[in-house]
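**Q** attaching a predicted model along with its sequence, questions to come.
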Amino acid sequence: MSTQLRIAKPNPTISIVIPARNEARNLEMVLPELPEVHEVILVDGNSTDGTIETALRVMPSIRVIHQTRKGKGNALVCGFRAATGDVIVMFDADGSADPAEIPAYIETLVRGADFAKGSRFCDGGGSHDITRYRSGGNKGLNILTNLLLKTKYTDLCYGYNAFWSDILDSVDLPDPDIAVTNASGMMWGDGFEIETVLNCRIAAAKLAVHEVPSVERSRIHGESNLNAIRDGLRVLKTILEEKGSARRMAREVAAIRKLETARRRSVGADNEPASVEEAEEIA
């Protein structure tokens, strides 16, 4: 990953993106805790429990949009596209994310990071919610990612993160406008694997990632839609597919560089550019 720090705005505008499906009871407690920011965006996933009505009652200024397909990943990408702030904060509706940690994320970005990655497993982090089973699975997937993608993540599958909105052009997340006709109503990246997709593509883009210690709180009401086995397998598939994509990208970049080197050598030799066929022979 890149170690070159960006020149950042000292006081960025902040967009908090909250994906939610049937989280009315939790939002009633979560929204009042949020700091005053440029905008809070609620992305609703066809809730039937009054999630939207509750959010508007508790926070009249909240922006409400609807996701275009199914899944947390699609909801987040829809929120990212709608955001107008310099910085986007990914925030869960269930009460597990502590709003008091937001300033630490922003400070990390202002100091030069492209992506402030929350971690429950670095010094100062922790969790009151994760089970031993899920923790073990996350650790194994984390080790695999670090080995394959040459990263140094301590917590792969965590959704509390913040980043400069301009990095979205570098990570090519699933287009929310594409219609799908399969039985699931989803495309790859629309589910809980979104955090892994994002982390892998940030690594491939050589963006500067700094981890932020985060203490995950317990969900306030209801049960998570996360399925440890099903979603763990989706994460594993994501890691392997993203590694393949990274290899293909590396080969394409290497081929382009070889062709450019061949062209420069040819121009330097006789002042005539090499043809593609000649360049490939030299490469």
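**A** Sure thing, it's come through. Numbers count the residues shown, from 1 in each chain.
**Q** the most centrally placed residue in the chain in helix, strand or coil?
**A** Nearest to the mean C-alpha position of the chain, by CA atoms, centre = their mean, lies Leu198 at 3.8 Å. Here Leu198 is recorded as helix under DSSP: H, G, I helix; E, B strand; the rest coil.
**Q** A helix includes Gly222, no?
**A** No. With three-state DSSP as the criterion, Gly222 is coil rather than part of a helix.
**Q** surely it is in contact with Asn22?
**A** Yes. Using CB atoms under 8 Å, Gly222 is in contact with Asn22, at 7.2 Å. Where you see a C-beta, it was placed from the backbone N, CA and C, and this is true even at glycine.
**Q** next one: the residue nearest to the centre of the chain relative to Thr54, how far apart?
**A** From Leu198 across to Thr54, the span is 28 Å (CB to CB, to the nearest Å).
**Q** more crowded one of Gly222 and Asn22?
**A** Taking neighbours as other CB atoms under 10 Å, Gly222 and Asn22 compare with Asn22 leading, 18 against 15.
**Q** is the more buried one in a helix, a strand, or coil?
**A** Three-state call for Asn22 (three-state DSSP): coil.
**Q** how much space separates it from Leu31?
**A** Asn22 is 16 Å from Leu31, by CB to CB.
**Q** which regions of the stretch 151-283 of the chain lie under the pLDDT threshold?
**A** Applying pLDDT under 70 to the stretch 151-283 of the chain flags the ranges 223-233, 235-236, 243-258, 260, 267-283.
**Q** could you pull out the strands for it?
**A** 161-164, 209-213, 215-216 (DSSP state E, counting those that start in this stretch).
**Q** can you redo those strands as TSV with mean neighbour count and distance to Asn142?
**A** Shown next, in TSV, are those (neighbours: other CB atoms under 10 Å; distance: least, CB to CB, whole Å):
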stretch	mean neighbour count	distance to Asn142
strand 161-164	24	15
strand 209-213	20	12
strand 215-216	20	15
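**Q** okay, these in TSV with distance to Val171 next?
**A** Shown next, in TSV, are these (distance: least, CB to CB, whole Å):
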stretch	distance to Val171
strand 161-164	9
strand 209-213	12
strand 215-216	24
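**Q** which one of those strands lies nearest to Ser266?
**A** Each of the strands of the stretch 151-283 of the chain has some distance to Ser266 by CB to CB; the shortest is strand 209-213, at 39.6 Å.
**Q** now for the closest one, which elements pack on it?
**A** Packing partners of strand 209-213 (3 or more CB pairs under 8 Å, 6 or more residues apart in numbering; DSSP states H and E): helix 102-110, strand 115-119.
**Q** just say which of those is most tucked in.
**A** strand 115-119 (a mean of 25; mean count of other CB atoms under 10 Å).
**Q** give me the angle between it and strand 209-213.
**A** Between strand 115-119 and strand 209-213, the angle comes out at 40 degrees (axes from the mean of the first three to the mean of the last three CA atoms, to 10 degrees).
**Q** first-to-last residue distance for stretch 24-40?
**A** End-to-end span of stretch 24-40 (CA to CA, to the nearest Å): 16 Å.
**Q** that one: how far from the chain's middle?
**A** Centroid displacement of stretch 24-40 relative to its chain, using CA atoms, centre = their mean, to the nearest Å, is 21 Å.
**Q** list the contacts for the closest residue to Gly126 other than its chain neighbours?
**A** Counting by CB to CB, 6 or more residues apart in numbering, the nearest residue to Gly126 once its immediate chain neighbours are dropped is Val215, at 4.5 Å. Residues in contact with Val215 (CB atoms under 8 Å, 6 or more residues apart in numbering) are Asp98, Glu101, Arg120, Gly125, Gly126, Ser127, His128.
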